[in-house]
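>>> predicted structure and sequence below. I'll ask about it afterward.
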Amino acid sequence: MAKLERLDIKQLRVFQALLREQNASRAAGQLGLTQQAVSEQLKKLRDIFDDRLFLRKTHGLVPTPLAQSLAPKVDEILLELQRLLTPQKFDPAAVQSTFVISATDYAQQIVLPALLAELRREAPGLKIVVRDFEIDTLHALMESNHVNLAIAFPDYLPESYPSRHLFSDRHVCMTSKHSSIADQSVTLADIARHPNIIASPSRPNLKGSLDDWFKAQGLARNIAISAPCFSVVPAYLEATDSVAFLPARAITGGELVALTLEALPEPFDVTAAWHPRYNDDPLHQWVVSQLMDVTG
């Protein structure tokens, strides 16, 4: 082990050059070193292997039997080191790995179906784990390598992490076509007074993401129901005389109608973020590129 700690790549390259050229001056020129530097490295090699390795003759150097036996092994070591440093072309079809995505209910509904279809088509050996977005533990999960990619609203993601903007969406005020206000002309004040349903996937409480916007309009919402995810809100709207602000992309069919209001909240962004350790990871780069393609 002590000898191994004294051996380095420079010495192996000198050994290879001397074996190939069998001349210290030519080996030095090939390596861009001085002849003295080559001699110093050869001296270290002789000490490590306890062998002269190269004998001086009239026309140069002659390898000893030990040097000749070491030659193919040194060539293989240097070749493997070169392969280690040579970037490998990423082939998704050859991937055998697991990738963990933390996503909000909205992202699972709107973003992931198309992304998962593409990942399965291009990388059938890639196993995907989708986990619910946990705002309170996300940082710890990403730091501990338990989450590879998070898809959520920007306010939910650590600002220090690399991220990519995916797209923007807008809120629409929805109610059941059977509700008491479905056919009425309503104002924001009417909506604020009417029972509201919110989706609060991160924390189960009666505080909604649009509370500050209503407050800026001088209004306070009458939040009657807090649901754990967007996907169940349409069913709750159909069963109750209430309203909800839903992302436009999440509204599909059903017995719902959109209410026309004098103002609506500003569009919101959907973002993907990851830990900096994955910046140069080929698999991660590929997954993000696929994500950009399906959301672009």
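Sure thing, it's come through. Residues are numbered from 1 along each chain as shown.

>>> ok, residue 260 - contacts?
Contact criterion CB atoms under 8 Å, 6 or more residues apart in numbering gives residue 185 as the residues in contact with residue 260. C-beta coordinates here come from the backbone N, C-alpha and C atoms, glycine included.

>>> how about a cut-off of 10 Å?
The contact partners of residue 260, taken as CB atoms under 10 Å, 6 or more residues apart in numbering, are 173, 185-186.

>>> just those now: which is nearest residue 213?
The closest of these to residue 213 turns out to be residue 173 (CB to CB; 12.0 Å).

>>> the lowest-mean-pLDDT helix or strand in the chain - contacts with which helices or strands?
Lowest mean confidence among the helices and strands of the chain (mean pLDDT, DSSP states H and E): helix 2-6, at a mean of 73. Helix 2-6 is packed against helix 35-49, with contacts defined by 3 or more CB pairs under 10 Å, 6 or more residues apart in numbering; DSSP states H and E.

>>> what does the helix it packs on rub up against?
2-4, 6-8, 10-15, 17-18, 23-31, 33-34, 51-54, 61, 64, 66-67, 70.

>>> just the CA atoms of stretch 163-182, as PDB, please.
Coordinates of each C-alpha in stretch 163-182 appear next as PDB, following Å, rounded to 0.1, in the frame of the first residue of the first chain:
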ATOM      1  CA  SER A 163     -34.700  25.900 -11.900                       C
ATOM      2  CA  ARG A 164     -36.500  26.200 -15.200                       C
ATOM      3  CA  HIS A 165     -39.700  28.000 -16.000                       C
ATOM      4  CA  LEU A 166     -42.100  25.500 -17.600                       C
ATOM      5  CA  PHE A 167     -45.200  27.600 -18.400                       C
ATOM      6  CA  SER A 168     -47.800  30.000 -17.000                       C
ATOM      7  CA  ASP A 169     -51.400  29.300 -16.200                       C
ATOM      8  CA  ARG A 170     -54.300  31.400 -14.900                       C
ATOM      9  CA  HIS A 171     -57.100  31.000 -12.400                       C
ATOM     10  CA  VAL A 172     -60.700  30.900 -13.400                       C
ATOM     11  CA  CYS A 173     -63.600  31.200 -11.000                       C
ATOM     12  CA  MET A 174     -65.800  28.100 -11.300                       C
ATOM     13  CA  THR A 175     -69.100  26.900  -9.900                       C
ATOM     14  CA  SER A 176     -71.600  24.200 -10.600                       C
ATOM     15  CA  LYS A 177     -74.200  25.000 -13.200                       C
ATOM     16  CA  HIS A 178     -76.700  24.100 -10.500                       C
ATOM     17  CA  SER A 179     -75.400  26.600  -8.000                       C
ATOM     18  CA  SER A 180     -77.500  29.600  -6.800                       C
ATOM     19  CA  ILE A 181     -75.200  32.000  -8.700                       C
ATOM     20  CA  ALA A 182     -74.500  30.100 -11.900                       C
END
